[in-house]
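1. Sequence first, then the predicted structure, then my questions.
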Amino acid sequence: MRFDEFVTDEMIITLLCKEKCKRIRRAKISGLQNIDEELKIIMPTRNEWLRVNKSKRFINNYADNSKQQIPGSVLQLKSLLYTVRKHRETSTDKPYVINLNNYIARIKGICNGSIDFSFIKPAIIPKLKEETETEMIYRPISKYDSLDDKLMLNLTNQYLSLLFDPYFHEEILSYRIRRIYKGERKITNQHDAIKTIKKYLIDNKEIDIFVAECDIRKFFDILNHRIIKREFSELISNFTDTDSEQITRLFYSYVDSYSYISDVANKNSDQDYWNMYRVNPRNSGKARKFSWVSEEGFMQNGIYTREEWDNESLQIGTPQGGALSLLISNIVLNSVDKAIVGDNDPSRLFVRYGDDILLMHTDKKKCEELIERYKVSLVSHKLLFHPFKPVSEFKENEKITKEYWNNKSKSVFKWGKGAGDAAQWIGFVGYEISRDGEVRIRKSTLSGQFSRINRAYHHIRRLKAPQRNSIMRFGELVAEKLDFFNFKFIKSKLFAESFRELTINRHSLTQIKSLDRYRNRKFRKLSKQVRQAGLNRRFYLGKPFSYYYHFGKLNSHRIETITQVRNNIAFE
């Protein structure tokens, strides 16, 4: 199917409605009305929205044969979609319907090549990554503001993902479409990586396992445009019966719309840029910057020769935040991974999530050989990895130090207890896994959960009640923010999604209890402040939520006795 055949009216309308609902929610949360003329003229006004049939506002709960109302955000999207579809059938003379039909025709013209289009350069938004004693280091997030750019990014990404996904190897677990993975049709995620490691651990529980970890430095910021286009051309050449000219032009336009040196590096010395985004004024005494690999760093590691750097330095980097960048990462790294995944070796385990790579083998020499082969493949694709260091550097006697967790690439080491290059715990995709099969939350991930609770608390605390009979609106706004604390809809997400691969052990239970204590302390402070403001009658704060209770409930099938939990027995 050609790209212009793939893109339908319904697909464009759905994307437009999703964008409209996203902006409504954003305005509701911020309290600011962002007037967007692009969407305003092609979408119905709020007074024109039609109500969805009552029977479609509920879903069946087969557990107790009851009906549950669908979430408000989903209902809002259903209402808008229903309105647009109905008006296009019965009210074709409405001004917004005429404008919408013209806009759809324009997007289809771009897809078939009859209308010229190219992606404009994105705005660069600084997002704090880490803070040192003297510096605040930011990540450059790209934002495509134009509605045309957003739609074409989404449509191009959907089409190419469907086209290329069958050509990616099975153990690429990130940014994939729904597929058959180990007998189950699903969208793979980080939990599948942990399941795969658990299975490998069980299959080799009586055998020594050796591990190597690899992480790519500044991955999106150092992707080479020539390499991206080369790998894209190789993949698109598999589809000889598809007119690939327009989709190739769009893909290349996206790649060429961004360059790290041209669009990001020069902002480090631009004081007006940092002032415009009001980057942490309380810490204005610290240097604020985007961090990148130095020119010498590329040269010293054999990534570029002087001639290559002079010719290609302005064609390096892909936008972080653009939908197509995630697909680009899989296109390039699928080629890199061929250095390892080409061999059918049942004793090897290779798992990659994003730019994090985990390699395991029961033979130490074979593991060392494979990781060396992988490093050569990375360099040939102009990618730079974090320096590999032996685990023995991060040990005091047999105890692992904090630097072990901060080091991103590790030379081959034995997974298990012992002196030298041996470690009982490894970290991957937000979890830490022991050689005994215990799984706990990674310390940096747990710290992120504490920060998330704290941010939600301060966001609510800073809200001010509006004047002029708007107290109910304020109550609705705060109640929406309090959803984070109430966990009416996050219960299943938090435990069935975020931490569902945890096992019952003393480490995980301690972590869960610490989250409970911190969350409840913040909840009590917030409740007190709401009462003091006299707002407790306006909306309901909800009951304190227990991580520990729901964690135990969701894992009750793995708990046999309290004694076993206290004795730190891992359950599979």
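-> In hand now; what should we look at? Numbering: from 1, shown residues only.
2. For burial, what's the neighbour tally of Val351?
-> Residues near Val351, counting by other CB atoms under 10 Å, number 21. (Glycine included, C-beta is placed from N, CA and C.)
3. Would you check how far apart it and Lys198 are?
-> Using CB to CB, to the nearest Å, Val351 is found at 11 Å from Lys198.
4. Please apply the same query to Gln449.
-> Taking CB to CB, one finds Gln449 at 22 Å from Lys198.
5. does Arg106 sit in a helix, a strand or a coil?
-> At Arg106 the chain is in helix, as set by DSSP: H, G, I helix; E, B strand; the rest coil.
6. Check what pLDDT it gets.
-> pLDDT, Arg106: 95.
7. Tell me how far it lies from Lys402.
-> Applying CB to CB, the value for Arg106 to Lys402 is 55 Å.
8. swap in Thr503?
-> 24 Å.
9. Would you mind telling me which of those two has the busier surroundings?
-> Higher neighbour count among Thr503 and Lys402: Thr503, with 21 against 8, using other CB under 10 Å.
10. which SSE is the more buried one in?
-> Using DSSP states H and E, Thr503 sits in no helix or strand.
11. Low-confidence regions, the protein specifically.
-> Within the chain, the segments meeting pLDDT under 70 span 28-35, 54-72, 241-242, 278-284, 459-497, 530-547, 549-572.
12. biggest helix in it, by residue count?
-> Secondary structure assigned by DSSP state H gives helix 506-532 as the longest helix of the chain.
13. What are the buried residues along that helix?
-> Applying a neighbour-count criterion of 16 or more other CB atoms under 10 Å, one finds 507-509, 511-512, 515-516, 518-519, 522-523, 526, 530 buried in helix 506-532.
14. what number of residues lie near Arg352?
-> 23.
15. give me the beta-bridge partners of it?
-> Using DSSP bridges, the bridge partners assigned to Arg352 are Ile172, Ile357.
16. distance of it from Ile340?
-> From Arg352 across to Ile340, the span is 10 Å (CB to CB).
17. Secondary structure class of Tyr200, three-state.
-> Under the three-state scheme (three-state DSSP), Tyr200 adopts helix.
18. Neighbours of the closest residue in space to it that isn't next to it in sequence, how many?
-> In this structure, Tyr200 finds its nearest non-sequential neighbour in Leu349, 4.6 Å apart by CB to CB, 6 or more residues apart in numbering. Leu349 has 21 neighbours, counted by other CB under 10 Å.
19. Now do the strands in the stretch 251-400 of the chain.
-> When assigned using DSSP state E, counting those that start in this stretch, the strands of the stretch 251-400 of the chain occupy the ranges 287-290, 348-353, 356-361, 395-396, 399-400.
20. Distance to Lys267 added to the ones you listed, as a markdown table?
-> Below are the strands of the stretch 251-400 of the chain laid out as a markdown table (distance: least, CB to CB, whole Å):
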| stretch | distance to Lys267 |
| --- | --- |
| strand 287-290 | 7 |
| strand 348-353 | 30 |
| strand 356-361 | 28 |
| strand 395-396 | 41 |
| strand 399-400 | 39 |
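21. from the ones you listed, which stretch is densest packed?
-> strand 356-361 (a mean of 22; mean count of other CB atoms under 10 Å).
22. From the contact counts, what lies against it?
-> helix 190-203, strand 210-215, strand 348-353, helix 364-380, strand 425-428 (3 or more CB pairs under 8 Å, 6 or more residues apart in numbering; DSSP states H and E).
23. out of the ones you listed, which comes closest to Arg139?
-> Comparing the helices and strands packed on strand 356-361 against Arg139 with CB to CB, the closest turns out to be strand 210-215 (15.3 Å).
24. buried sites along whichever helix or strand comes after the closest one?
-> For strand 210-215, the succeeding helix or strand toward the C-terminus, using DSSP H and E, is helix 219-222. For helix 219-222, the neighbour count (16+ other CB under 10 Å) marks 219-222 as buried.
25. same check, this time on stretch 155-165
-> So, applying 16+ other CB under 10 Å, buried residues of stretch 155-165: 155-161, 163-165.
26. ditto for stretch 85-105
-> Buried positions in stretch 85-105, judged by neighbour count with 16+ other CB under 10 Å: 87-88, 96-97, 100, 103-104.
27. just the residues you listed now: which is nearest Asp192?
-> Using CB to CB, these come closest to Asp192 at Ile104, 37.5 Å.
28. what sits against that closest one?
-> 9, 12-13 (CB atoms under 8 Å, 6 or more residues apart in numbering).
29. now it: how far from Phe350?
-> From Ile104 to Phe350 the distance is 44 Å (CB to CB).
30. And Glu234, by the same measure?
-> 21 Å.
31. Same check on Tyr103?
-> Counting by CB to CB, the gap from Tyr103 to Phe350 is 46 Å.
32. try Leu314
-> Leu314 is 34 Å from Phe350, by CB to CB.
33. Please apply the same query to Glu308.
-> In terms of CB to CB, Glu308 sits 29 Å off from Phe350.
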